[in-house]
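[1] Sequence and predicted structure, then a few things I'm wondering about:
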Amino acid sequence: MTAFPASAPAAAATPQAGPAADGDAAPQAARAPLLAVRQLGKRFGGLQAVSDVTLELHAGIVTTLIGPNGAGKTTLFNLITGHLTPTSGDVLYEGKSIAGQSPWRIARSGVGRTFQDLRLFSRMSVEENVLTAMEHSAWLWQPGGRAARRTRAERVAQILEMTHLSALADARAIDLAYAERKFLSIARLIASDARIWLLDEPASGLDPRSYDRFVGLLRSQVAQGVTVCIIEHNLDVVSNVSDRVAFLDQGRLLAEGTPREVLDDPRLASIYFGETA
Ligand SMILES: Nc1ncnc2c1ncn2[C@@H]1O[C@H](COP(=O)(O)OP(=O)(O)OP(=O)(O)O)[C@@H](O)[C@H]1O
């Protein structure tokens, strides 16, 4: 019988703040979801990349999407964020359909994401990168002026402090170490005031110290009400940071449950590691 290991080989020590206990998530799960994916499908020519997926993200809950390469995880993110239009099904945010809306509109409504390739403004400074993320969500209602500029500058300084990037405020994004660029992408999410964070492999490539820093930041943001969905191959994130785990394979949602329920399922382990049962 094959089982998932307790943690990925390169995983860092378990963070200080643990996940909500399995039972803690239950009362929240009974409430209306903040975001709901309903029978979602996406076909690329002859390939059904996402097939009939139904999944709910609840306020303040960390859900991790796992599954083998090509399972449809990133495609699912792209369907939620408007970077792809579904072939079938719907995406509801606060009970209203957002499927097919532009990425810009969906982001402005509070659904933020990071990308594997981070997508920073590489020639801009760290501070400017954060500021531009803020202005994206604020320009409609903040006409400018000295007071507004001062408020924005204070908020940028606060976000840089939270993400431990203050000392790098003037550095160009392109000159940052990989881990710092990852923190900058999260700083931009915080600046956008997104209520839901979709994080594409946020822990990959992080050294143990940066990993602990990432988990601490994530936990503090979740405690402040952010809802998180993570695509992650790092099983330490799956078992120690997530409240819920959703397992995708060949576009289908095979299982959804607590980390233990999913990680202890030998059938899923053999699919994940490409072994025969
Ligand atoms: N724009 C596209 N056009 C055609 N096929 C695509 C497109 N995007 C993704 N696919 C295919 O859809 C399937 C799902 O891909 P996806 O990137 O969503 O998987 P994934 O679970 O995120 O994989 P990984 O863990 O390797 O990132 C794959 O077979 C992929 O080749």
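    Perfect, thanks for sending it. Numbers count the residues shown, from 1 in each chain.

[2] got a list of what Gly251 touches?
    Counting by Cβ atoms under 8 Å, 6 or more residues apart in numbering, Gly251 makes contact with Gly41, Lys42, Gln48, Ala49, Val50, Ser51, Val53, Ala71, Gly72, Thr75. For the C-beta atoms, the positions are set from N, CA and C on the backbone; glycine is no exception.

[3] ok, it to Pro202 distance?
    23 Å (Cβ to Cβ, to the nearest Å).

[4] re the thing from before, pick out the most distant pair among the contacts of Gly251.
    The distance between the two most remote of these (Cβ to Cβ) is 14.4 Å, for Gly41 and Ala71.

[5] Compare neighbour counts for these two and give me the winner.
    Ala71 (24 against 17; other Cβ atoms under 10 Å).

[6] surely Trp197 meets Gln221?
    Yes - counting by Cβ atoms under 8 Å, Trp197 touches Gln221, with 7.5 Å between them.

[7] overlap in contacts of these two?
    Val228.

[8] higher neighbour count, the two?
    Neighbours were counted for Trp197 and for Gln221 using other Cβ under 10 Å; Trp197 has more, 23 against 18.

[9] From the contact counts, what lies against whichever strand or helix holds the more buried one?
    Under the criterion of DSSP states H and E, Trp197 resides in strand 196-200. On a contact count with 3 or more Cβ pairs under 8 Å, 6 or more residues apart in numbering; DSSP states H and E, strand 196-200 meets helix 73-81, strand 111-113, strand 227-231.

[10] nearest to Lys96, of these?
    strand 111-113 (12.0 Å).

[11] before we move on, what SS does the closest residue to Ala179 other than its chain neighbours have?
    Counting by Cβ to Cβ, 6 or more residues apart in numbering, the nearest residue to Ala179 once its immediate chain neighbours are dropped is Ser210, at 3.9 Å. The three-state label given to Ser210 by DSSP: H, G, I helix; E, B strand; the rest coil is helix.

[12] Next: Gln39.
    strand.

[13] Give the buried residues for the helix or strand harbouring Ile271.
    Assigned by DSSP H and E, Ile271 falls within helix 266-272. Under the neighbour-count criterion of 16 or more other Cβ atoms under 10 Å, helix 266-272 has Leu268, Ala269, Ile271, Tyr272 buried.

[14] Quick check: the two most widely separated of the residues you listed?
    Maximum pairwise distance among the buried residues of helix 266-272 (Cβ to Cβ): 7.3 Å, between Ala269 and Ile271.
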